[in-house]
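Enquirer: predicted model and sequence below, questions to follow.
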Amino acid sequence: MTDTTARALLRDLFDAALAAARPATCLAPWIAGLKPPRGRTIVIGAGKASAAMARALEDGWPHPLEGLVVTRYGYGETCKRIEIVEAAHPVPDERGRAAAGRILAKVQGLTPDDLVLCLISGGGSALLAAPAPGLDLANKQAVNRALLRSGANIGEMNTVRKHLSAIKGGRLAITAAPARIVSWLISDVPRDDPGTIASGPTVADATSFADALAVLERYRIEPPAAVLAHLRRGAEGGIEETPKPGDPRLAGTELHIVAAPQRSLDAAAALARARGLDVELLGDSLEGEARELGAAHARLALARRIIRPLVLLSGGETTVTVRGNGRGGRNVEYLLGQAIAADGAANVWGLAADTDGVDGAEEIAGAIFGPDTLARARAAGCEPQAALDNNDAHTLFGTLHDSIVTGPTRTNVNDFRATLVMP
């Protein structure tokens, strides 16, 4: 297999994973099985896939509906009955704050005859920026920036976010009660935990104010004074906690995961087998420091004794502890760590990319490496280890023209990683 063929194969596997997570494909059976209510149908949503989900719903739902969803800039769709608002991600902005407030207003004063249909996907935490009473948008922005640089995993980050919010951690659901609430979720989190997807606006929350304080302490984050006072007041019982499992106000809620990382990995695996490759699935919920996981997967690939081409597939969400001033990106950091550990091995290629098309804050999904990546980088004046130490893998892969740029994918089932090993 030539280098060009290997790279094309890896990209085909990534495209197959994306196709399996398209909202129009995933939602069709759920739309067909949903009966209209006697009252109103209110559609609300947030996330990088929410606008595409709204478009799929409009196209397949002939009954009356109205609503509002908020998505990332560039991820909007044209809808006739559902308003689409674009806002900032991963650090929230005023448009996201205003949209979250309007979403809360839309679900107030409903009856048991009404249906609230929630279209939730990854990215919703930043996009649903409704600060808790006593906090403002600047407080949330400061905490978000610190969490993103800290190395905290998504569950830890969302524990904090839930306790600084008027809408996350089940608060949206209790605002909409006693209406029937149906949430369709596209999962971008390890183990598909509904309470972690977009910080679970319609899901009971098992975490506490004390847990949120512990996360900030664990990662040595010094939040704004108002944030620290708010969390301490909550931990002391001075602020109502998020609704917990068993809360009767959540009795009318339904949760359905309509797309998840495993489905996309299975689609890529089916294509790989059809192309004559052996497949090893490493899991859809892998976490850990990105560069360390990349190096571990390189060692795993080099240790395999094979007689046919093999592809190692995995998903999940790694973390990056930012120590440099580069352009970031957990997928390219994973990939550069893998390339360095592979050390120019003639039989190993790798691809890592985020299925939402955005790795870190870059409009780049990820990258591909091959046997000649390190040599080409050095010839171009880029020292791979220095780039990794500076959290600047995007610059290295961009210099080599090995970045993967998809544009807005309008879905999000977390990271996709494929390592090709030749005999």
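Expert: Good, I have the coordinates. Residues are numbered from 1 along each chain as shown.

Enquirer: return the residue of this protein that is most distant from the centre.
Expert: With CA atoms, centre = their mean as the measure, the chain has its most outlying C-alpha, relative to the mean C-alpha position, at residue 307: 36.1 Å.

Enquirer: what segments of the stretch 201-350 of the chain are helices?
Expert: Along the stretch 201-350 of the chain, the stretches classed as helices by DSSP state H, counting those that start in this stretch are 209-218, 225-235, 261-274, 290-303, 330-342.

Enquirer: closest to residue 379 out of those helices?
Expert: Taking CB to CB, helix 330-342 is the member of those nearest to residue 379, at 14.7 Å. C-beta here means a position set from N, CA and C on the backbone, and glycine is covered the same way.

Enquirer: how far off centre is the closest one?
Expert: Between the mean C-alpha location of helix 330-342 and the chain-wide mean there is a distance of 20 Å, by CA atoms, centre = their mean, to the nearest Å.

Enquirer: list the buried residues of it.
Expert: For helix 330-342, the neighbour count (16 or more other CB atoms under 10 Å) marks 330-342 as buried.

Enquirer: would you turn the helices of the stretch 201-350 of the chain into JSON lines with distance to residue 6 and mean pLDDT?
Expert: Supplementary listing: those in JSON lines, determined by distance: least, CB to CB, whole Å; pLDDT from 0 to 100:
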{"stretch": "helix 209-218", "distance to residue 6": "41", "mean pLDDT": "98"}
{"stretch": "helix 225-235", "distance to residue 6": "48", "mean pLDDT": "98"}
{"stretch": "helix 261-274", "distance to residue 6": "12", "mean pLDDT": "97"}
{"stretch": "helix 290-303", "distance to residue 6": "13", "mean pLDDT": "98"}
{"stretch": "helix 330-342", "distance to residue 6": "13", "mean pLDDT": "98"}
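
Enquirer: I figured residue 172 hits residue 103, correct?
Expert: Yes - distance between residue 172 and residue 103: 7.3 Å, which falls inside the contact criterion (CB atoms under 8 Å).

Enquirer: who's more crowded, the two?
Expert: Per other CB atoms under 10 Å, whichever of residue 172 and residue 103 has more neighbours is residue 172, with 30 against 26.

Enquirer: check contacts around residue 167.
Expert: Each residue near residue 167 by CB atoms under 8 Å, 6 or more residues apart in numbering is listed here: 100, 103, 104, 128, 130, 175, 201.

Enquirer: correction: residue 206
Expert: Taking CB under 8 Å, 6+ apart, we find residue 206 in contact with 195, 244, 245.

Enquirer: same list, these, but as a markdown table with distance to residue 318 please.
Expert: What follows is these, written out as a markdown table (distance: CB to CB, whole Å):
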| residue | distance to residue 318 |
| --- | --- |
| 195 | 20 |
| 244 | 30 |
| 245 | 29 |
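
Enquirer: related to what we said a few turns ago, grab the nearest non-local neighbour of the residue farthest from the centre of the chain.
Expert: Nearest non-adjacent residue to residue 307, counting by CB to CB, 6 or more residues apart in numbering: residue 423, 5.8 Å away.

Enquirer: so how far is residue 325 from residue 141?
Expert: Taking CB to CB, to the nearest Å as the criterion, residue 141 is separated from residue 325 by 20 Å.

Enquirer: could you check which of those two has the larger neighbour count?
Expert: Summary of the neighbour comparison: residue 141 and residue 325, criterion other CB under 10 Å, with residue 141 having more neighbours (19 against 9).
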